[in-house]
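A.B. asks: requesting a structural model of the entry that follows:
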Amino acid sequence: MKPGGFRLEKDSMGEMKVPRQAYWGPETQRAYENFPISGLRFPREFIKALGVIKTSAAETNMKLRLLSPKLGRAILRAAREVMEGKWDDHFVLDIFQTGSGTSTNMNANEVIAHRANEILGGKVGEKKPVHPNDHVNLCQSSNDVIPSAIHIAALEGVQRNLIPALKTLQAALEKKVREFDGIIKIGRTHLQDATPIRLGQEFSGYAQMVQHGVQRLEITRYHLAELALGGTAVGTGINTHPLFARLAIKKINGITGLAFREAENHFEAQGAKDAVVQASGVLKTIAISLTKVANDIRWLASGPRCGIGEIILPTVQPGSSIMPGKVNPVIPEAILQVAAQVMGNDLVVALAGMGGYFELNLMMPVMAHNLLQSIRLLTRASSVFTRKCILGLKADKARCEEMVEKSLAMVTALSPHIGHDRAAEIAREAYRTGKTVREIAMQKQLLPAKQLEKILDPWKMTEPGM
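C.D. replies: Numbering: from 1, shown residues only. Next up, the predicted model:
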């Protein structure tokens with residue numbers, strides 16, 4: 001095809017000029033002109049999912065003898081090319097479009113039909129012998145294809161990318177748990193000194209948060225594995241073969257290696273998007289967990305001389321354009337920004353989840369965009385956090401020990417032996433005089449020296465006991 005110029009195509013609304021080099025058709029072109037809104041496009045994983053569905057549908061329709069082998073093989077080849085990313089540049093529609101995603105489903109149908117006709121020796125722009133609706137969309141509707149594509153893309157992203165990235169982060173944190181277990185530092189509550197804790201114990205909390213995130217994701221997999229395919233227009237399955245959904249989903253599982261199943265109730269699957277809302281909510285929870293971890297790490301590394309300075313971050317880049325030698329916690333800061341974006345995405349998904357009116361949700365494209373972006377962001381951010389920050393963390397043991405001894409909270413261990421009120425007096429006097437709790441207690445000879453040393457052993461304060 002020669003670049004430039006236009007060709008004329010027809011749809012149910014009449015003639016439409018389509019760029020000569022385009023594999024899309026008139027319905028896509030109308031939507032392209034109707035929605036010049038954001039410039040945001042469906043991501044690769046969503047287009048791949050559409051290709052998976054169209055590939056599986058073509059195979060199934062041939063098996064059910066609804067589609068001739070000649071047309072079916074051409075559609076199959078074209079759909080596989082879509083699945084592999086060959087025609088991504090021809091998926092041109094904005095995310096902010098018809099709420100059902102019909103325009104993007106037709107974008108896929110038209111690209112595949114035109115490519116199939118080309119394979120069969122015809123011209124791009126003709127609807128024969130392969131028709132985008134009659135053949136590529138056979139036994140399907142946008143109303144069951146788009147929600148199915150969301151689930152396929154999301155589950156693939158969660159299972160193949162995000163869960164492994166989080167498990168790698170968890171393993172890195174657990175490595176630090178073991179590495180830092182022998183280092184005692186001061187605990188903090190309300191941003192004030194508290195009783196001693198081991199640095200390894202502190203990091204064990206971070207590792208557990210990530211593990212819980214993985215467990216929450218694994219729960220969402222069950223619901224994302226349900227596909228609306230087979231419900232067609234309103235969930236009744238009109239214009240589809242009774243065996244189509246089961247056979248097509250079996251083909252989808254063969255392509256993806258995942259365990260999708262037909263929705264238990266097609267009216268729920270198309271009228272609501274609760275599985276997507278749930279999955280986004282879990283992503284938000286993970287983002288909040290990572291916020292806690294990243295914030296703690298950058299505070300613990302603050303300084304290096306005039307802050308807390310208990311841990312040392314890897315130096316990955318200069319931190320200032322004006323202050324020579326300054327190094328900033330840039331990786332944790334990037335994590336915080338990703339987390340903020342994911343939390344914002346979740347709000348949109350939640351609001352869009354309320355866009356189910358009768359038999360169809362009408363805000364699916366923006367749900368797909370935000371959910372898939374959150375999965376992608378958290379996957380990449382977790383990987384960067386692991387490689388560029390966590391694995392290279394070091395502890396400043398001397399700084400940790402110095403602050404433990406200076407802490408007024410050391411007096412807590414004396415409380416069971418001398419009473420709460422007397423212990424509070426010791427703490428106030430230590431603060432007033434600038435001395436340590438140990439020095440005041442020894443000076444006042446509150447208890448025998450050996451007993452006092454045993455009670456004020458910071459290591460024992462990191463385990464249950466009195």
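A.B. asks: C-alpha only now, for contacts and for neighbours.
C.D. replies: Will do.
A.B. asks: so where's the stretch 51-200 of the chain shaky on pLDDT?
C.D. replies: Applying pLDDT under 70 to the stretch 51-200 of the chain flags no residue at all.
A.B. asks: quick one, strands of it?
C.D. replies: 184-189, 192-198 (DSSP state E, counting those that start in this stretch).
A.B. asks: in stretch 81-101, what counts as buried?
C.D. replies: Of the residues in stretch 81-101, 81-84, 87-88, 90-101 count as buried by neighbour count, 16 or more other CA atoms under 10 Å.
A.B. asks: so how far is it off the chain centroid?
C.D. replies: Centroid separation between stretch 81-101 and its chain, computed with CA atoms, centre = their mean, to the nearest Å, is 21 Å.
A.B. asks: distance between the ends of that stretch?
C.D. replies: The straight-line separation of the ends of stretch 81-101 (CA to CA, to the nearest Å) is 21 Å.
A.B. asks: what are the contacting residues of that stretch?
C.D. replies: Applying CA atoms under 8 Å, 6 or more residues apart in numbering, the set of residues contacting stretch 81-101 from outside is 22-24, 28, 31-32, 35-42, 44, 47-52, 103-104, 107-108, 111-112, 142-143, 146, 360-366, 369.
A.B. asks: re earlier: out of the strands of the stretch 51-200 of the chain, nearest to Gly344?
C.D. replies: Comparison of the strands of the stretch 51-200 of the chain against Gly344 by CA to CA identifies strand 184-189 as nearest, at 28.5 Å.
A.B. asks: residues in contact with the closest one?
C.D. replies: By CA under 8 Å, 6+ apart, strand 184-189 touches 193-199, 310, 397, 400-401, 403-404, 407, 458-459.
A.B. asks: check contacts around the residue nearest to Thr240 when sequence neighbours are not counted.
C.D. replies: The shortest distance from Thr240 to any non-neighbouring residue, by CA to CA, 6 or more residues apart in numbering, is to Cys139 (4.1 Å). Residues near Cys139 by CA under 8 Å, 6+ apart: Ala57, Asn61, Gly230, Thr232, Asn239, Thr240, His241, Phe244.
A.B. asks: just flag the most distant two among those.
C.D. replies: Taking CA to CA, the two most distant members of the contacts of Cys139 are Asn61 and Thr232; they sit 14.8 Å apart.
A.B. asks: about what we covered before: PyMOL command for the buried members of the contacts of stretch 81-101?
C.D. replies: Selection of the buried residues among the contacts of stretch 81-101 in PyMOL, burial being defined by 16+ other CA under 10 Å:
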select buried, resi 22+23+24+28+31+32+41+42+44+47+48+49+50+51+52+103+104+107+108+111+112+142+143+146+360+361+362+363+364+365+366+369
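A.B. asks: gap between stretch 401-410 and the chain center?
C.D. replies: For stretch 401-410, the separation from the chain centroid amounts to 40 Å (computed by CA atoms, centre = their mean).
A.B. asks: please enumerate residues in contact with that stretch?
C.D. replies: With contact meaning CA under 8 Å, 6+ apart, stretch 401-410 is reached by 183-186, 193-196, 427, 430-431, 435-437, 456, 458.
A.B. asks: next, Leu8: phi, psi?
C.D. replies: With angles defined as degrees, to the nearest 10, Leu8 sits at phi -100, psi 130.
A.B. asks: I'd like to know how far Gly254 sits from Met363.
C.D. replies: Going from Gly254 to Met363 by CA to CA gives 30 Å.
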